[in-house]
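1. prediction below, plus the sequence it came from.
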Amino acid sequence: MNLLGLEIGGTKLQIVVGDGSAKIIDRRRLVIDRARRGGGIREQIRETLAELIPEAKPSAIGVGFGGPVDWKTGEICRSHQIEGWADFKLRDWLQTLSGLPVCVENDANTATFGEALHGAGVGSNPLFYVTLGSGVGGGLVVDGQIYHGAKPGEAEIGHVRLDREGTIVESRCSGWAVDAKIRQLKTTDPASHLAKLIGDSMGGEARYLASALQQGDRAAKRVLTETTEDLAFGLSHVVHLFHPEVIILGGGLSLAGEPLRAAVESALGVFTMAAFAPGPQIHLAALGEDAVPVGALELARKVGSDVVIAENSTDKKRPPPHHAAA
């Protein structure tokens, strides 16, 4: 049995073929042209599925979409990065296009599902995943299932407020927020190793953070401390409300590695009740850029199984065929 998994983001489109255990066996990674809007991405999907479906003969499709989704209907609420997705019925469109059962989820929920079943969350329950990328998203898996709650059903940790004035986690801990902090060093601390590393680059400055930390740069440590304290404060609300056994840090910023993980773990203890000690384990994501595709394959496996169960249930209710007397 083969499955298809799609990751539809603001900068990349991944379409993978996986086997029945959600192991990726083929991949297409395409660059998104923002100028072509949602329609351009759908055309890329259409062309790629026309190639892959006859070869792979998948039984179902799972999708992780970068934006709020009505997970029950598969309708996209909107994309915060690409125009042309608002109110688009993605599940219905893909089912018509492919003739296959389809499940559509928010990408952070999908990544959480992937890490829960195949990554750093295996064997942990419940677990919370936070992705630190162009935005900050989250997901909660309880008893092996994505927790949705009421519509739209995403764990929007990035929009948790850090104060009454409206400062949110995303505005302090996202990749672009950390990029801005590091750019300021050109003015506030131009002699720092981190400021010298970024040089004249504009955008993506956070990618230099890990290297500067390895060199013991004080400015890099300051950026790390500010960011992880804000993140830990936001995550403390997750701990008090949902008591996860494990919190997983993913996304581009998690590539800072062990210094990031250890700093979040240390700061989180300050912001949580003593009764919760030692608190949840903090892990770095294990699947990297495959968290969403692997999670999407698991969504495909689940929706495919649900269809089979429904069909079998319907068959049992049908009367036996009538045989005319010889």
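-> Arrived safely.
2. quick one: the strands in the stretch 1-150 of the chain?
-> Counting by DSSP state E, counting those that start in this stretch, the stretch 1-150 of the chain has strands at residues 2-8, 12-18, 24-31, 58-65, 69-70, 75-76, 102-106, 127-132, 136-142, 145-146.
3. leaving out sequence neighbours, find the closest residue to Pro68.
-> Cys77 (4.0 Å; Cβ to Cβ, 6 or more residues apart in numbering). Where you see a C-beta, it was placed from the backbone N, CA and C, and this is true even at glycine.
4. pull the contacting residues for the one you found.
-> 67-70, 86-87, 152 (Cβ atoms under 8 Å, 6 or more residues apart in numbering).
5. please report how far it lies from Glu154.
-> 10 Å (Cβ to Cβ, to the nearest Å).
6. give me phi/psi at Gly199?
-> Backbone torsions of Gly199, given as degrees, to the nearest 10, read phi 50, psi -130.
7. which residues touch it?
-> Per Cβ under 8 Å, 6+ apart, neighbours of Gly199: none.
8. count of neighbours near Ala155?
-> Ala155 has 24 neighbouring residues, counting by other Cβ atoms under 10 Å.
9. hang on, isn't it packed against Val141?
-> No. Contact status for Ala155 versus Val141: not in contact, 9.9 Å apart, counting by Cβ atoms under 8 Å.
10. and the most centrally placed residue in the chain, what does it touch?
-> Per Cα atoms, centre = their mean, the C-alpha nearest to the average position across the chain is that of Ala108, at 2.7 Å. Contact analysis of Ala108 by Cβ under 8 Å, 6+ apart lists 129, 131, 137-139, 154-155.
11. sort these by pLDDT and name the bottom one.
-> The member of these with the lowest pLDDT is Glu154, at 82.
12. which non-adjacent residue is nearest it?
-> For Glu154, the spatially nearest residue (Cβ to Cβ, 6+ apart) is Asn106, at 4.7 Å.
13. filter the contacts of Cys77 to the buried ones?
-> Using 16 or more other Cβ atoms under 10 Å as the burial test, these include 67-70, 152 as buried.
14. reformat those residues as JSON lines; add distance to Gly38 and pLDDT.
-> As requested, the buried ones among the contacts of Cys77 are exported to JSON lines (distance: Cβ to Cβ, whole Å; pLDDT from 0 to 100):
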{"residue": "Gly67", "distance to Gly38": "10", "pLDDT": "89"}
{"residue": "Pro68", "distance to Gly38": "14", "pLDDT": "90"}
{"residue": "Val69", "distance to Gly38": "14", "pLDDT": "92"}
{"residue": "Asp70", "distance to Gly38": "16", "pLDDT": "93"}
{"residue": "Pro152", "distance to Gly38": "18", "pLDDT": "73"}
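15. between those residues, which sits nearest Arg222?
-> Gly67 (32.9 Å; Cβ to Cβ).
16. quick one: that closest one and Phe88, what's the gap?
-> 10 Å.
17. which residues are common contacts for those two?
-> By Cβ under 8 Å, 6+ apart, Gly67 and Phe88 have these common neighbours: Ile76.
18. check Thr314 and give its pLDDT.
-> Looking at Thr314, its pLDDT reads 55.
19. I figured Pro148 was touching Asp70, is that so?
-> Just so we're on the same page, residue 148 is His rather than Pro. No. If you go by Cβ under 8 Å, His148 and Asp70 don't touch, sitting 10.2 Å apart.
20. spit out the residues that contact these two alike.
-> By Cβ under 8 Å, 6+ apart, no residue touches both His148 and Asp70.
21. which regions of the protein sit below the pLDDT cut-off?
-> Applying pLDDT under 70 to the chain picks out residues 306-326.
22. re the thing from before, shared neighbours of Ala155 and Val141, which are they?
-> Counting by Cβ under 8 Å, 6+ apart, the contacts common to Ala155 and Val141 are Tyr147.
23. was I right to think Leu100 contacts Ala60?
-> Yes. Using Cβ under 8 Å, Leu100 is in contact with Ala60, at 5.5 Å.
24. closest to Asp189 out of the contacts of Cys77?
-> Nearest to Asp189 among these: Gly67, at 36.2 Å, using Cβ to Cβ.
25. nice, that's everything, thank you.
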